[in-house]
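[1] Please find the sequence and the predicted model below.
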Amino acid sequence: MRWRIALLIIGFGGLGLVLWGAWPGLGPFLAGLVLAFLLMPLVDSLNKLLPRLLAILLVYALVITALALFGLYVAPIIVDQTKILINAMPGYIDVIQKWLNQTFTDVQQQIPQDFQQPITEGLNNFTSTAIGFIRDIIGNVISGIFGLAFGTIGFLVGVFIIPFWLFYVLKDKSQGMRAFYSLLPSTLREDAHRLVNIVSGTFNDYVRGQLIVAGSVGVLVTVGLMLVNIPASTAIFLGFIAGLFEVLPIIGPILGAIPATLVAFFTGQVGNLELVLKVVIVFVIVQQIEGNLLIPKIAGESTNLHPAIVMVVIIIGSELGGLAGAIAAVPITAVVRDLYIYLYQRLALGVSPLEAESHVPSRRDEIAAEKRRQTQRSLKRPALVQEEVKMPSPSQSVNPVGTLPLYDKDKQETKNK
């Protein structure tokens with residue numbers, strides 16, 4: 001058993017090194033893994049009514065239809081508005097700088113002569129630094145997108161492979177899990193099964209919840225901006241941007257509001273503060289809906305992490321892995337916490353696998369619900385057993401009274417003797 005565990009550790013360690021070296025080309029497979037998490041419950045549900053192959057094909061047809069509609073109606077708007085924003089950004093920056101300089105000049109006239117020079121120098125330095133920071137962000141985002149899309153041949157090849165890879169993942173999920181468990185010693189299979197439940201459950205709930213919330217926020221922002229007289233194409237683009245930033249907890253909604261605020265500032269005339277105020281109100285209302293309705297009802301508390309911890313791990317993730325690291329930091333932190341709790345319960349306290357899993361935050365509710373279902377089944381079982389005993393089948397052997405099985409009669413006779 002020890003040699004088997006050692007071989008597994010060596011095998012998974014070598015696989016980890018290979019994946020780390022091939023990381024630049026694995027982006028499409030990560031996207032495919034996310035799609036697998038999202039589509040697997042739908043495929044499993046349809047599989048109860050249809051053969052699994054037909055269920056997968058039906059889901060593929062739905063996804064392709066949705067992508068086609070997005071490509072026909074939404075993608076052109078996003079592309080056009082992105083070009084407009086990129087071309088207009090240098091002019092926006094120059095206008096902002098001139099507007100700030102004029103504002104500083106007006107404010108400077110109200111400041112005593114002795115304080116004007118240090119305040120002016122400080123404001124000028126702040127303006128130059130802020131504008132340079134904005135330019136760097138725009139350049140890094142654009143170069144990062146193109147680098148991600150065209151960085152490696154493996155990435156481009158992976159894009160064409162993903163539909164076929166995803167098909168086999170959805171089709172052969174059960175066989176793959178059985179093959180994985182068969183590699184492990186029999187004494188470790190239940191623990192492995194529960195650890196897989198913890199990891200997959202946390203990622204599944206988090207990814208699905210965040211994407212549904214992001215889509216809902218994007219729609220709400222689009223409708224809200226159209227109501228305050230933002231042009232429809234611009235509103236769709238800004239809603240799409242707001243939805244993208246929603247994948248970042250806590251700070252994503254703030255970042256998503258910045259592009260819409262800047263566009264409102266330049267709409268009509270420079271410094272359109274009235275429209276800016278309306279846009280801010282739209283985002284405040286959307287965030288109230290998100291915080292009080294969408295997250296509790298759709299995303300739920302899938303990670304159960306304190307907001308202060310979330311902000312710290314997002315910063316750490318962004319430093320280690322950029323934008324992808326910031327997005328993945330929260331679910332990874334939740335998974336590490338849950339695995340630690342499970343292993344501590346099993347190794348330090350010696351509780352059963354089921355009891356250890358019931359202490360994991362992301363699995364606590366589901367395990368409690370499963371226990372309630374088992375209790376209900378156990379309460380129904382005696383009534384069914386009693387009914388079967390009272391009405392035995394012709395092949396069943398009973399005592400002359402016909403109410404007790406033979407083994408109960410034998411026990412009673414032994415007791416009488």
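    Okay, I see it.
[2] Just give me the neighbour total for the nearest residue to Glu246 once chain neighbours are set aside.
    Taking C-beta to C-beta, 6 or more residues apart in numbering, and ignoring the residues beside it in sequence, Glu246 has Ala214 as its nearest neighbour in space, at 3.8 Å. From N, CA and C alone the C-beta is placed, and that goes for glycine too. Applying the criterion other C-beta atoms under 10 Å, we find 23 residues in the vicinity of Ala214.
[3] quick one, strands of this protein?
    Using DSSP state E, no strands are found in the chain.
[4] So in the chain, where's the weakest helix or strand by average pLDDT?
    When the helices and strands of the chain are compared on mean pLDDT, DSSP states H and E, helix 406-416 comes out lowest with a mean of 43.
[5] ok, back up a step: for the residue nearest to Glu246, which residues are in contact?
    Listed by C-beta atoms under 8 Å, 6 or more residues apart in numbering, the contact set of Ala214 reads 243-244, 246-247.
[6] same thing but at 6 Å, please
    Residues near Ala214 by C-beta atoms under 6 Å, 6 or more residues apart in numbering: 243, 246-247.
[7] which of those residues count as buried?
    When neighbours are counted using 16 or more other C-beta atoms under 10 Å, the contacts of Ala214 contain these buried positions: 243, 246-247.
[8] Nearest to Ala6 among the contacts of Ala214?
    Using C-beta to C-beta, Val247 is the member of the contacts of Ala214 that lies nearest Ala6, at 39.1 Å.
[9] Turn the contacts of Ala214 into CSV, including distance to Leu33 and pLDDT.
    Converted to CSV, the contacts of Ala214 look like this (distance: C-beta to C-beta, whole Å; pLDDT from 0 to 100):
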residue, distance to Leu33, pLDDT
Gly243, 21, 90
Glu246, 20, 84
Val247, 15, 78
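[10] can you list those in CSV and add distance to Thr375?
    Written out in CSV, the entries for the contacts of Ala214 read as follows (distance: C-beta to C-beta, whole Å):
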residue, distance to Thr375
Gly243, 42
Glu246, 39
Val247, 39
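[11] So which of these is the closest to Asp44?
    Asp44 has its nearest neighbour among the contacts of Ala214 in Val247, at 24.9 Å by C-beta to C-beta.
[12] and that closest one, how far is that from Ala356?
    Val247 sits 31 Å away from Ala356 when distances are taken as C-beta to C-beta, to the nearest Å.
[13] next one: Ile84
    For Ile84, the distance to Ala356 (C-beta to C-beta) stands at 55 Å.
[14] And those two? Which one has more around it.
    When Ile84 and Ala356 are compared on other C-beta under 10 Å, the one with more neighbours turns out to be Ala356, at 24 against 14.
[15] Skipping its backbone neighbours, what lies nearest that one in space?
    Looking at Ala356 with C-beta to C-beta, 6+ apart, the closest residue is Gln345, at 3.6 Å.
[16] Got the confidence number for that neighbour?
    pLDDT, Gln345: 91.
[17] Pull the number of nearby residues for it.
    Other residues lying near Gln345 total 19 when counted by other C-beta under 10 Å.
[18] you'd agree it is up against Val360?
    No. The criterion here is C-beta atoms under 6 Å, and Gln345 misses it with Val360 at 8.3 Å.
[19] Where does pLDDT dip in the stretch 1-150 of the chain?
    Confidence mapping of the stretch 1-150 of the chain against pLDDT under 70 gives the ranges 1-5, 8, 12, 15-16, 19-27, 93, 100, 104, 107-124, 126-150.
[20] Buried residues, stretch 65-85. List them.
    Of the residues in stretch 65-85, those scored as buried under the neighbour-count criterion (16+ other C-beta under 10 Å) are 77, 81, 85.
[21] Format those as a markdown table; extra columns: distance to Thr234.
    Output for those, formatted as a markdown table (distance: C-beta to C-beta, whole Å):
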| residue | distance to Thr234 |
| --- | --- |
| Ile77 | 9 |
| Gln81 | 6 |
| Leu85 | 9 |
